[in-house]
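Enquirer: Got a predicted model here, sequence first, then my questions.
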Amino acid sequence: MKVIQIDKSELDAGLGKLENAYRLIGPVKEKDYHAFKTLKTGEKPDLYYINTRLSARAVLYPQTEVMFEFSLDRTDEQYGILKEPKKNDTPRAVIGIRPCDADAYEVVRRNFDTPEYKDPYWLKNYEATTLVGLACSNPCPTCFCTSTVSGPFSDKNLDIMLVDNGDHFLARVLTEKGEKLSESAGWNSPADNADDAIETLKDSAESKIKSSVSTDNLAKQSLIDLYEAESAIWESEAFACINCGTCTHACPTCWCFDVQDETYGKSGVRMRIWDSCMYPIFSIHASGHNPRGTKLARVRQRFMHKLKYYVDKYEKGIQCTGCGRCVRLCPVNIDIRRICNKMNSYDPETCSCKVAS
Amino acid sequence: MTSYTDKIREASKRLLKEGTVDMVIGFAKGSVPMMNQPMHAVNQGDVDRFVWDGNCGINLANYVTGRTERIGIVAKGCDSRNLAVHIVENKIKRDQLYIIGVPCTGMIDRHRLTAAVNGEIESVTEDEAGKTVTVSGDGFSETFNRPEVLQENCALCMHRNPVIYDERIADEVPEQSDEDVDRYAAVKQIEAMSPEEKWAYFDDLLSDCIRCYACRNACPLCYCPTCFVDESKPQWVGKSTEIPDVRIFHFLRAYHCAGRCTDCGACVRSCPVGINVRAMTKKLEKDCLEYFGWEAGLTTDQRPPLDTYKPDDPEQFIK
């Protein structure tokens, strides 16, 4: 692994060179907040942003994605045959993704890339993408990544990590994809003693994170006990919840989708669309029965999935990278940090949690 | 605001102690700035978590829909109007409610403040006199005049005092009138646009929608057992973020609120991407006022105009 130095004055020229080999995606400010967008020729990502309003999930996993196209014209010899549409799977690079969002890809991959099942759509996008991350030197008060599976300088799911160091970026080139991209950009000035500098900045960033969750006890907790902790956890948390999908749509690690067919005259598409466990329709059966017919059941499902079922199934920590978006955006202040701490400290003997509401 | 908080706690404790109600619904301080949390107190010990400040913009009428208990509810002007709408629409019975009326001086616009500073806001404090709002975070601190950072619906509000209540925790606050503010200035601007401009305006307005339905679910009026966008047998609206489906959702929802919307602003407040949902509902409010002389939620004796039929209706088309 090598570290190179990219002077800020030369950054744009390097990005310009990349435009030929990659489709560039980066954070740009639109209206009042930042979002990941495919950059137009000459457009530059804002590498001084704090974080995007919504996560980078959609970069690999669009909210609406066509899986198949079909003809409904009976005279068409292709009538009724599902066909994969041609997609643009040329190389692309995400410039300036935050470590929390990149680490979320590893979480999502556990679901989309298993020995039994491979999700071709997500994997094709993932394989075509080079991730140029941007370490977080100034984390937000609601960031709690250090107590999850991520951190402000977490580079385990990046191809290159950029670290802002005054008049230049230090760039840790972490993978072959990263090597290739830095070559294309012409970024090749070696940086001296850079690892020390990065470590110092990392310590400084981590020390700024004031918020945390306790997760040490989640795996040991009994699933049934947590599920049944209605009076200690779920009733009070579910009361405020309005069952919108803000948390799930903002979350980088939510992966559930719905499959819908839409027809337009004599043709149609089968697509998948992000779904949300907060919606009553999410779990309704064809019979009309809804196993999660109450708000309490839906709120419990979201947090049990992220903080217990996932923990038990994969043994890789919680399904959360601590990006804090759901905390910032929930209109009624359902705070995953509070719920995680409640679940972690729940005592089935006394049916109480050691942390307060 | 401290005095409001004390009075709300006092009243709630008394109601629970005397057994007047089974629960009191109000606000608890949120874990992040500008995000107070709706909560219900069942025991007297819970009431000390109640607070009141400029971050109580969620409409609590949303939390009584279809409930069977006797409920004490903290209600600012708009909440009380939505309780009136609920009573008219049989979503709750008047005698189930004990309304703790809160004269309101407007709620802080979280979208505007979030956009106004560079960095995440760590604290938002209001001075006791209700004149200023100070916003601070890592490396910044800025003080605003409170009236300038109110939600737009609050700045234009004509019914700050609760219209129905069982007790009011403070003296009435002065009401604004049409002479003080032009509540339909923004609507008139849109009305004056050419069709092309209107098309572009609404395209832009809805372009960020992620269909999370926070606007719908924060709205006390949206209590349909199955919303039209969730109907699957038959399915009426596509579920993707394709523009026509997004438009159908928003426009149809807005029309469904015509004559019932109190302009409480919960939809805008809840939207994670800052869509001004009121651009649609405010126009319908204006039409209801101009055509029918109607403002929603001011009485429990009359059904909203689009919800009734009169044999002596003056319009020819209906005869």
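Expert: That came through fine. Numbers count the residues shown, from 1 in each chain, chains lettered A, B, ... in the order given.

Enquirer: what residue ranges in chain A are flagged as low confidence?
Expert: A:356-357 (pLDDT under 70).

Enquirer: Show me it divided up by domain.
Expert: A:2-207, A:223-345 (automatic domain parsing).

Enquirer: I'd like those domains as a markdown table, with distance to chain B appended.
Expert: Yep, even glycine has a C-beta here, placed from its N, CA and C like the rest. Listed next are the domains of chain A as a markdown table, based on distance: least, CB to the nearest CB, whole Å:
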| stretch | distance to chain B |
| --- | --- |
| domain A:2-207 | 4 |
| domain A:223-345 | 4 |
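
Enquirer: and of these, who's closest to B:Asp204?
Expert: Closest to B:Asp204 of those, according to CB to CB: domain A:2-207, at 8.9 Å.

Enquirer: Off-centre distance for the closest one?
Expert: 11 Å (CA atoms, centre = their mean, to the nearest Å).

Enquirer: and stretch B:288-307, which residues are buried?
Expert: Buried positions in stretch B:288-307, judged by neighbour count with 16 or more other CB atoms under 10 Å in any protein chain shown: B:288, B:294-298, B:304-306.

Enquirer: Next, please give the residue ranges for the strands of the chain.
Expert: In the absence of a named chain, this looks at chain A. With DSSP state E as the criterion, chain A has strands at A:2-7, A:23-30, A:33-38, A:64-71, A:92-97, A:129-134, A:160-165, A:168-173, A:257-264, A:267-274.

Enquirer: oops, I was thinking of chain B
Expert: Under DSSP E, chain B gives strands at B:23-28, B:37-41, B:71-75, B:97-101, B:121-126, B:132-137, B:140-145, B:167-168.

Enquirer: Got the confidence number for the spatially most central residue of chain B?
Expert: Closest residue to the average C-alpha location of chain B: B:Cys264 at 2.5 Å, with CA atoms, centre = their mean. B:Cys264 carries a pLDDT value of 98.

Enquirer: of all the residues in the stretch 201-319 of chain B, which ones are close to chain A?
Expert: B:208, B:210-214, B:216-218, B:226, B:230, B:232, B:238-242, B:266, B:269-270, B:272-274 (CB under 8 Å from any CB of the partner chain).

Enquirer: will you turn the domains of chain A into CSV that also has mean neighbour count?
Expert: Converted to CSV, the domains of chain A look like this (neighbours: other CB atoms under 10 Å in any protein chain shown):
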stretch, mean neighbour count
domain A:2-207, 18
domain A:223-345, 19
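
Enquirer: Tell me which of the ones you listed approaches B:Pro195 most closely.
Expert: Ranking the domains of chain A by proximity to B:Pro195 (CB to CB) places domain A:2-207 first, at 23.7 Å.

Enquirer: end-to-end on the closest one?
Expert: 26 Å (CA to CA, to the nearest Å).

Enquirer: same check, this time on stretch B:181-193
Expert: End-to-end distance of stretch B:181-193: 22 Å, with CA to CA as the criterion.

Enquirer: For that stretch, give the mean pLDDT please.
Expert: Rounded mean pLDDT across stretch B:181-193 is 97.

Enquirer: Residues in contact with it: which ones?
Expert: Under the contact criterion CB atoms under 8 Å, 6 or more residues apart in numbering or on different chains, stretch B:181-193 has outside partners B:152, B:155-156, B:158, B:198, B:201, B:279, B:282-283, B:286.

Enquirer: Show the residue spans covered by the helices in the stretch 251-357 of chain A.
Expert: Ranges of helices in the stretch 251-357 of chain A, per DSSP state H, counting those that start in this stretch, are A:295-304, A:310-314, A:325-329, A:336-345.

Enquirer: Rebuild these as JSON lines, extending it with distance to B:Ser177.
Expert: Shown next, in JSON lines, are these (distance: least, CB to CB, whole Å):
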{"stretch": "helix A:295-304", "distance to B:Ser177": "40"}
{"stretch": "helix A:310-314", "distance to B:Ser177": "56"}
{"stretch": "helix A:325-329", "distance to B:Ser177": "36"}
{"stretch": "helix A:336-345", "distance to B:Ser177": "43"}
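
Enquirer: what's the closest of those to A:Tyr49?
Expert: helix A:325-329 (14.0 Å).

Enquirer: Pull the distance from that closest one to the chain's centre.
Expert: Worked out by CA atoms, centre = their mean, helix A:325-329 lies 13 Å from the chain centre.

Enquirer: try stretch B:263-274
Expert: Distance, centroid of stretch B:263-274 to centroid of chain: 8 Å (CA atoms, centre = their mean).

Enquirer: distance between the ends of that stretch?
Expert: 16 Å.

Enquirer: Equivalent analysis for stretch B:190-197, please.
Expert: End-to-end span of stretch B:190-197 (CA to CA): 8 Å.

Enquirer: now do stretch B:251-271
Expert: Stretch B:251-271 has an end-to-end distance of 16 Å (CA to CA).
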